[in-house]
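K.L.:
Here is a sequence together with a model predicted from it:
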Amino acid sequence: MGGRQVWAGKPQVTLTGPGSETWDLAFIAEYPNADAFIAMVRDPEYRELVQHRTAGVADSRLIRMSPVEPGEGFGE
């Protein structure tokens, strides 16, 4: 669907958030547009394969966000 991984990292310390959550890996993927992302999650092959990811991990998140221009400070 044209997606690509643009950043990946191994979380080290949670400063803000539930201390009970631990993460092995975090990554950001970029898709050409919202329609491409929606097409991916609706794709029958993706829906079949994602069951294996869900079964193989204790917890995960998939969050679609729209890009914004960053401000001069964090969170702006």
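P.N.:
Yep, it's here. Predicted model only: the values in this text are computed from it and were never measured.
K.L.:
can you give me the strands for the chain?
P.N.:
Under the criterion DSSP state E, the chain contains strands at 4-9, 26-30.
K.L.:
Name every strand pairing with the last one and say which way it goes.
P.N.:
Yep, that's strand 26-30 we're talking about. strand 4-9 (antiparallel) (DSSP bridges).
K.L.:
before we move on, the earlier item: may I see the strands of the chain organised as a markdown table, with distance to Glu45 added?
P.N.:
The C-beta positions use only the backbone N, C-alpha and C, and glycine is treated the same way. Below are these laid out as a markdown table (distance: least, C-beta to C-beta, whole Å):
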| stretch | distance to Glu45 |
| --- | --- |
| strand 4-9 | 18 |
| strand 26-30 | 17 |
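K.L.:
which of those strands is buried the deepest?
P.N.:
Mean neighbour count (mean count of other C-beta atoms under 10 Å) peaks for strand 26-30 among these, with a mean of 12.
K.L.:
so who does the most centrally placed residue in the chain touch?
P.N.:
Central residue of the chain (C-alpha atoms, centre = their mean): Leu62, 4.6 Å from the mean position. Applying C-beta atoms under 8 Å, 6 or more residues apart in numbering, we find Leu62 in contact with Val41.
K.L.:
and if you look at Trp7?
P.N.:
27-28.
K.L.:
any idea how far Val68 is from it?
P.N.:
16 Å (C-beta to C-beta, to the nearest Å).
K.L.:
cool, Gln51 as well?
P.N.:
Distance, Gln51 to Val68, by C-beta to C-beta: 33 Å.
K.L.:
Kindly report the same for Ala58.
P.N.:
31 Å.
K.L.:
How far off centre is the lowest-mean-pLDDT helix or strand in the chain?
P.N.:
Ranked by mean pLDDT, DSSP states H and E, the helix or strand of the chain with the weakest confidence is helix 44-56, at a mean of 91. With C-alpha atoms, centre = their mean, to the nearest Å as the basis, helix 44-56 stands 15 Å off its chain's centre.
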